[in-house]
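Colleague: need coordinates for the following:
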Amino acid sequence: MCGIAGYIGTRFLDDSRLEACQASMTRRGPNARGALRRSWSDGRHAVLLHSRLAIIDLDRRANQPLRLDGQALCYNGELYNYVEVRRALLAEGAPPFLTNSDTEVLARQLSRHGWSGLDACEGMWAFALLDETDGSLLLARDRFGEKPLYLMRTADGLYFGSEVKFIAALAGRWPEPDLDHLKRYLVNGYKALYKRAGTGFFKGVSELPAGCVLSIDKAGRETLSRYWTPTRDPVEDGLGFEESVTMVREALVRSVELRLRADVPLAFCLSGGVDSNALIAIAKRLFGYDVHGFTLMNKDERYEEAAMVKEAVSALGLRHTVVPIHSDGFLKGLRTLIRQHDAPVYTITYYVQWLLMGAIAGDGYRVSVSGTGADEIFSGYFDHHNAYLAAVHDDPGRHAVALADWSAHVRPIVRNPYLQDPALFVRDPGERRHIYLDAEEFAGFLTQPWHEPFEETDYSAILLRNRMQNELFHESVPPILHEDDLNAMYWSIENRSPFLDRKLSETAQRVPARHLVRNGRAKALLREAVRGIAPDAIIDNPRKVGFNAPIQDLLDTTDSEVRHWLFDDGPIFEHVRKDRIRSLLERGTLPNSRSKFLFYFLNAKLFLEEFGG
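Modeller: Residues are numbered from 1 along each chain as shown. Have a look, this model is predicted:
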C-alpha cells in the first residue's frame, strides 16, 4: 500500500509543489519516497510521485517509481497473485526478475501485454504508467475500486493522486467545495454519493471509475476503456445448493490464501458475525496463520456482540485485543478525520473504525483484513429478506416457509418501518423509500429546496440480484472502501478485503437466488461454505450487528459548550436552518435516521469550516 500522485500537461511544476505534495503523502507511505520528472521537446511535462508502505519485498530495490523497458510505474495496492503471474511471464520468456516485489511483476506484465494483461491479475490497485519515450500515460484502477485515484483536469493538463490533498498540493490551490454534493450527503445519505459519475465533494475533481483504464496519448488525447465488466444475469438455474456451496468454499479459500501473502504480519478485524469469522477461521484452521483479532466493543445492546466474539476467540484459539469505544475528544478527532478524508466522514461507523485501526497500528501491524463486500455478494441486509420473499412468492410452499422464517428471525429486529412489511416488494418491486429514509424531512432542514430521486442501474431482472449489484458497485461498497482506505492510511496500514475477489464474486453470481437465504438467515451460501471451519454458534446466529454507535454515545448534545459550538455562526448555516437543528436536539434521544442526520450535520459543518464554502 502506498500513495501516488502526478501530473501530465504543458506546465512545469515548481519543486516546492512536489515537496509539498510528498510531505502530505507520508501517512500513505512512511518507508520511502520517490519522484520522477520528464519533459519532451513538444513542451509537455510529466511528474510521478510515490510514497511507499513496504509490504512485499521490503528492500529498497522495490521502491518506486519503478523504471523498466522505457516505462515508469507508480503503483498503490497489491497484486495478490504475483507469484503465479511471475511464473507465467518467465514461461513466456521474460528475463530474470530483479526484485521479489509484486510491483515489478505488474510492470513486466504491462510491458509485455499492455493493459489487457490486467485480466490475469488479481488484486487491488491504482497506478500510473508513464512511457518515458513518447510521454503517453496510462492510469488504472482495480475492479471493485478498492484503491482510490482522483483526477482533476485544468487548462494546462491532468493532475491525479490517491487523495485530493495531493492534487491540491501539486496544483497549488484547493478546488472549491461542491455544495450540491454536500446537500446530497445531508439529505439522501452516504448511499447516494457514488450514484453518478463525476460527483464529489470538490468541483472539478472526479474518481477514475473502478475496472477502467484511462489512456492519455502523446498529444494529450484521453481514452477511457473498461477492462472488466461485472457479469449480468449469469445465473445457472440448474446448480443445486450443495454444489453451489462447494464452488463458493473453493473460491473463498483461494481468495484468503492469496491475501495472506505479505512480508509483514497481518491483523484481522473481528466481530461476532459470520463475515469476519469466515476469513479468520480459514486463515487459522486451513493455513495455520497465527491470527490476532481486534474487536470494537460497544455498550449499546443493539450493537454489542461480546458473547459471539468470546465464542470465536475460544473456539479458534485466537490472540485477541478489545478496543473500547470512547467519546474522549470526539469533535477534535472528527475534525482530524475530515482533514484526512478531504470529505465528511460517511457514517459514524467509520469514526469508530478509525479508533480500531489506531489500535491495530499501535500493536505494530501494517496490514489489516476486513469483511467488506460479504453483504453485497452473499446477501446480508434486511431488505434482502423482503426481496427474497418477493423472489419466491410464486412458489407457495417455499414462500410459506420463508415467511415463517422471516417472522421468527427478522421481524423482531428490523427497525426500518418499510422493511417491517414482508410483502413490500410483492406489492411494489420499485419501492425504495427505505433506502433514503426520511429524506423529505431532511430536505426541509435546508435553507433552499433540494431533491434528487432514487436511481439504480439495471443489472438483473431478479430484484434481489439487482439490489445486491447496485450495492456492490454504487451504493454500499464504494463509500465503505473510501472510508476503509483513508482510515487505514491515516495509521499507515494496508487494508485487505478477501470478499472482493473477482473469481469469488463471479462464482457467487452464478448461483440461483433461491440459495441466498435459508431458514430466515441471509448469507446461506457463505455460512455453509465455512461449516466445519468456523464455529457453528456463529454460523447459525441470525443476528446482524456490525460496527456502529449512536451519535449521542459519543457527543453530549446537552453540554453547554457543545451547544455553543453547534449553533455558533458559520458557513453551514448558509445551507442548513439553525432552528431545525435546535428542534431536532430538543427531541432528546434520537431514532436511527435522525441520529444519522445529526452526524451528517456535524460533518458538513466541520467540512465547510476546514475547506471553505
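Colleague: for the stretch 451-600 of the chain, just list every one of the strands.
Modeller: Applying DSSP state E, counting those that start in this stretch to the stretch 451-600 of the chain gives strands spanning 494-496.
Colleague: list the contacts for the residue nearest to residue 597 when sequence neighbours are not counted?
Modeller: Spatial nearest neighbour of residue 597, excluding adjacent residues (Cβ to Cβ, 6 or more residues apart in numbering): residue 442 at 5.3 Å. Every residue, glycine included, has its C-beta placed from N, CA and C. Residues in contact with residue 442 (Cβ atoms under 8 Å, 6 or more residues apart in numbering) are 186-187, 597.
Colleague: so which of those residues are in helices?
Modeller: Of the positions in these, 186-187, 597 sit in helices, assigned by DSSP state H.
Colleague: can you tell me which of those is nearest residue 327?
Modeller: residue 597 (19.4 Å; Cβ to Cβ).
Colleague: distance of the residue positioned nearest the centre of the chain from residue 52?
Modeller: The centre of the chain sits closest to residue 481, judged by Cα atoms, centre = their mean, with a distance of 0.9 Å. Here the criterion is Cβ to Cβ, to the nearest Å. By it, residue 481 lies 21 Å from residue 52.
Colleague: kindly report the same for residue 39.
Modeller: 25 Å.
Colleague: repeat that for residue 425.
Modeller: Residue 425 is 48 Å from residue 52, by Cβ to Cβ.
Colleague: got it, and residue 4?
Modeller: Distance, residue 4 to residue 52, using Cβ to Cβ: 10 Å.
Colleague: do residue 582 as well
Modeller: Using Cβ to Cβ, which is the criterion applied here, residue 582 is 49 Å from residue 52.
Colleague: with neighbour numbers in mind, choose between these two.
Modeller: Neighbours were counted for residue 582 and for residue 52 using other Cβ atoms under 10 Å; residue 52 has more, 24 against 12.
Colleague: gap between residue 572 and residue 604?
Modeller: Distance from residue 572 to residue 604, by Cβ to Cβ: 6 Å.
Colleague: which parts of stretch 317-329 are buried?
Modeller: 318, 320-321, 323, 325 (16 or more other Cβ atoms under 10 Å).
Colleague: any idea how far apart the tips of it sit?
Modeller: Using Cα to Cα, to the nearest Å, one end of stretch 317-329 lies 35 Å from the other.
Colleague: same thing with stretch 120-135?
Modeller: End-to-end distance (Cα to Cα), stretch 120-135: 26 Å.
Colleague: looking at the chain, which helix or strand does the model trust least?
Modeller: Of all helical and strand segments in the chain, the minimum by mean pLDDT, DSSP states H and E falls on helix 551-554, at a mean of 86.
Colleague: packing partners of that one?
Modeller: helix 592-611 (3 or more Cβ pairs under 8 Å, 6 or more residues apart in numbering; DSSP states H and E).
Colleague: list the helices and strands the helix it packs on packs on?
Modeller: So helix 592-611, by 3+ Cβ pairs under 8 Å, 6+ apart, packs with helix 179-188, helix 330-341, helix 551-554, helix 578-585.
Colleague: and the angle for the first one with helix 592-611?
Modeller: Following axes from the mean of the first three to the mean of the last three Cα atoms, to 10 degrees, one obtains 160 degrees for the angle between helix 179-188 and helix 592-611.
Colleague: so which bits of helix 179-188 are buried?
Modeller: 179, 181-188.
Colleague: now do it, average pLDDT.
Modeller: Averaging pLDDT along helix 179-188 yields 98.
Colleague: next helix or strand past that helix?
Modeller: Moving toward the C-terminus from helix 179-188, the next helix or strand (DSSP states H and E) is strand 205-207.
Colleague: so which bits of that next one are buried?
Modeller: Here strand 205-207 shows 205, 207 as buried, counting by 16+ other Cβ under 10 Å.
Colleague: what helices or strands is that strand leaning on?
Modeller: strand 150-154.
Colleague: just how off-centre is the strand it packs on within its chain?
Modeller: How far strand 150-154 lies from its chain's middle: 21 Å, per Cα atoms, centre = their mean, to the nearest Å.
Colleague: what mean pLDDT does it get?
Modeller: For strand 150-154, mean pLDDT is 98.
Colleague: could you find the closest non-adjacent residue to residue 582?
Modeller: residue 567 is the one closest to residue 582 (Cβ to Cβ, 6+ apart), at 7.1 Å.
Colleague: now the helices for the stretch 201-350 of the chain?
Modeller: 241-259, 274-281, 306-316, 330-341, 349-362 (DSSP state H, counting those that start in this stretch).
Colleague: who does the longest one touch, helix- and strand-wise?
Modeller: Contacts of helix 241-259 with other secondary structure elements, assessed using 3+ Cβ pairs under 8 Å, 6+ apart, are made with helix 502-510, helix 524-529.
Colleague: same deal with the third one?
Modeller: Packing contacts for helix 306-316, counted by 3+ Cβ pairs under 8 Å, 6+ apart, involve helix 274-281, strand 292-297, helix 536-539.
Colleague: now with 10 Å?
Modeller: helix 274-281, strand 292-297, strand 319-324, helix 536-539 (3 or more Cβ pairs under 10 Å, 6 or more residues apart in numbering; DSSP states H and E).
Colleague: please compute how far it lies from its chain's middle.
Modeller: On Cα atoms, centre = their mean, the centre of helix 306-316 falls 26 Å from that of its chain.
Colleague: what does stretch 577-588 give?
Modeller: Centre to centre, stretch against its chain (Cα atoms, centre = their mean), the figure for stretch 577-588 is 32 Å.
Colleague: could you say which of the helices of the stretch 201-350 of the chain is packed most deeply?
Modeller: helix 274-281 (a mean of 27; mean count of other Cβ atoms under 10 Å).
Colleague: can you pull the contacts of the nearest residue to residue 69 once chain neighbours are set aside?
Modeller: Leaving aside its sequence neighbours, residue 69 sits nearest to residue 111 (Cβ to Cβ, 6+ apart; 4.6 Å). By Cβ atoms under 10 Å, 6 or more residues apart in numbering, the contact list for residue 111 reads 68-71, 73, 89, 94, 117, 129.
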